[in-house]
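# turn this into a model:
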Amino acid sequence: MFERMQPDEILKRIQAQEEKQRRGHLKIFFGYAAGVGKTYAMLQAAHTAKSRDVDVVIGYVEPHARPETMRLIQGLECLKPRMITHHKIDLKEFDLDTALLRKPDLILVDELAHTNAEGLRHQKRYQDINELLNAGIDVYTTVNVQHIESLNDMVASITGILVRERIPDYVFDDADQVELVDIEPNDLIERLEDGKIYQKQQAQKALGNFFDIDNLIALREIALRRCADRINKMFELTKADKDGDYYTGEHILVCISPSPTNAKVIRTAARMASAFKGRLTALYIETSDYEHMDQKNLHTLSENMHLAQQFGARVEAVCGDDVAYQISEYARLSNVSKIVLGRSQTKKRFFAKSSLVEQLTTAAPNLDIYIIPVKQSLTYHYQKHKENIQFTMKDFIISIGFIIFVTGIGYLFQWLGFSEANIITIYILGVLMISVMTSQRIYSIVSSVVSVLVFNFFFTDPYFTFQAYDSGYPITFVIMFLAAFITSGLAVQMKKNTKKAAQTAYRTKILLDTNQLLQKKIKKGL
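Residues are numbered from 1 along each chain as shown. Next up is the predicted model:
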């Protein structure tokens, strides 16, 4: 059901780890607006690193009219900016080549989302920083929430300002460290009014536009959420190699069935996933009775799967007859936090088997299980497929042949002086072989009974009768029958599992072949 990691994938991970060790480390000082103190915090961290004898260089710091920030530049080596003339305007840009030639342990490059002037090697500053990292140089940089690509539209809808300078999300997510520089929005506005961020005329304009209190509160919330999302992504990557049943994010698992009321369960799970802002997975357990399902139930099952896909669920199917075990194992390995099931309002009988909910609660005690009640009148009643008993001459001959064969072996054992326990073992082995070689379980059941009778007839005193003088023989017969019956049952189950595994392997082969054909077509198209 669940594949082990392939050797090629393990090798790729090792190579990726080695490459990451050779690369420099990127630390981003992240804020929700200008003036929160990103550059100030970055310069403070640089002084701390220098005090530990780290070779620190300022590659580029955006000129600020903020005395506290500019004072922190003192005492740190600064690279001269590269002068670029663009439309008769002299622009100061970060000099990448000089930084690579200097190659310090740590370099500070402000404004990660900055767009470089024409004529430089890279269009964006984050590309410059990536080249520094590939050279093994650690980098400190700064960025605001509105510059992240996936958040750009959201921020624009809040502030009414569309930011042109943006960075891909992976640059932010792949950073080795992100430090959120955060202050209260009221304190930020106070700093703005005091002229600590912009000049007075520019500050008044900013207060009437971007630096509205409602805007700042919303931007701060987005920044906090984005940092939390990054932590969740890092957790998922690191937890992939670990075996645990704990979780930090919400992952809703809904179980799919051919029941007409399953659609209600799927809709409820979709609403939960939306409310918890979590992932939704729809799981179907394909039992051995799937191939005997009628067209009506197959159609309903297909509709339920399609409905789950419409809600954005990832539809998965696993094989196995122990439904509770399959669900619990999938939930454990996929970091599921909540399971949603449907249950009709039916009365439990005294000797009834434990319900799926009870079995699942025992198998996965650490998971939250939500039961969605459905009307009994509309409930799909699962009917286990019953085999049609068909006697064939081939199976009949195999059964009779093995009984005669093991009886002959029994006479040989008796002539050699072996005990009755050895003869009983031979008959149990015979029933096992009949179970494996015949097409239906009825032959193994009948063979279990016949083996007991034949053993009684030929090997217990008085011989050639169905009587037994020894008072312990009835217990022997019962144990012999139970052993033969249980062994045959396990053999039949093994055959079913082997058949199911073969079907799964065949499906996997089809998927792999299809994937290879698609890749060939794509290569031809290129």
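# look up phi and psi at the residue lying farthest from the centre of the chain.
Of all residues in the chain, Pro462 has its C-alpha farthest from the mean position, at 66.0 Å, by CA atoms, centre = their mean. Phi and psi for Pro462, reported as degrees, to the nearest 10, are phi -80, psi 140.
# mind starting the numbering at 655 from now?
Let's use 655 as the start, then, which means that last one is Pro1116.
# state the distance from it to Asn1110.
Separation of Pro1116 from Asn1110 (CB to CB, to the nearest Å) stands at 10 Å. Bear in mind the C-beta positions are built from the backbone N, C-alpha and C, glycine included.
# tell me, what residue is most central in this protein?
Note: the chain centre (CA atoms, centre = their mean) maps to Ser988, 4.1 Å.
# in which helix or strand does the closest residue in space to Pro912 that isn't next to it in sequence reside?
Once flanking residues are discounted, Pro912 sits nearest to Asn951: 3.9 Å by CB to CB, 6 or more residues apart in numbering. Assigned by DSSP states H and E, Asn951 belongs to helix 949-964.
# got the domain ranges for the protein?
Per automatic domain parsing, the domain ranges recorded for the chain read 669-893, 905-1032, 1047-1151.
# okay if I get those domains as a markdown table plus mean pLDDT?
Converted to a markdown table, those look like this (pLDDT from 0 to 100):
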| stretch | mean pLDDT |
| --- | --- |
| domain 669-893 | 85 |
| domain 905-1032 | 79 |
| domain 1047-1151 | 76 |
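# which residues in the chain form strands?
Here the chain has its strands, by DSSP state E, at 680-685, 710-714, 731-732, 736-740, 743-747, 760-763, 792-798, 831-834, 905-909, 933-940, 968-973, 992-998, 1022-1028.
# pull the longest one out as PDB, backbone CA atoms only.
In PDB, the C-alpha atoms belonging to strand 933-940 read as follows (Å, rounded to 0.1, in the frame of the first residue of the first chain):
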ATOM      1  CA  ARG A 933      -6.100  19.900   3.400                       C
ATOM      2  CA  LEU A 934      -8.900  17.500   2.400                       C
ATOM      3  CA  THR A 935      -8.300  13.900   1.300                       C
ATOM      4  CA  ALA A 936     -11.000  11.500   0.300                       C
ATOM      5  CA  LEU A 937     -10.100   7.900   0.900                       C
ATOM      6  CA  TYR A 938     -11.700   4.800  -0.500                       C
ATOM      7  CA  ILE A 939     -10.900   1.300   0.800                       C
ATOM      8  CA  GLU A 940     -11.100  -1.200  -2.000                       C
END
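# who touches that strand?
When contacts are defined by CB atoms under 8 Å, 6 or more residues apart in numbering, strand 933-940 is touched by residues 903-911, 920, 923-924, 927, 955, 959, 962-963, 965-974, 977, 980-981, 984, 988, 990.
# again, but for the fourth one
With contacts defined as CB under 8 Å, 6+ apart, strand 736-740 is touched by 744-749, 752, 771-774.
# what sits against the residue lying closest to Val919 once chain neighbours are set aside?
Using CB to CB, 6+ apart and skipping residues adjacent in sequence, the residue nearest Val919 is Gly996, 4.0 Å away. Going by CB under 8 Å, 6+ apart, Gly996 touches 909, 911, 913, 915-916, 918-919, 1025-1028.
# Ala1018 and Ile993 touch, don't they?
Yes. Using CB atoms under 8 Å, Ala1018 is in contact with Ile993, at 7.3 Å.
# these two - which one has more neighbours?
Neighbour count, other CB atoms under 10 Å: between Ala1018 and Ile993, Ile993 has more, with 26 against 21.
# Ile1025 versus that one, what's the distance?
10 Å.
# and what of Thr915?
As judged by CB to CB, Thr915 and Ile1025 stand 13 Å apart.
# which one of these two is surrounded by more residues?
Thr915 (20 against 13).
# now the more buried one: closest residue in space, sequence neighbours ignored.
Take Thr915 and drop its neighbours on the chain: the residue closest to it by CB to CB, 6+ apart is Val1028, 3.8 Å away.
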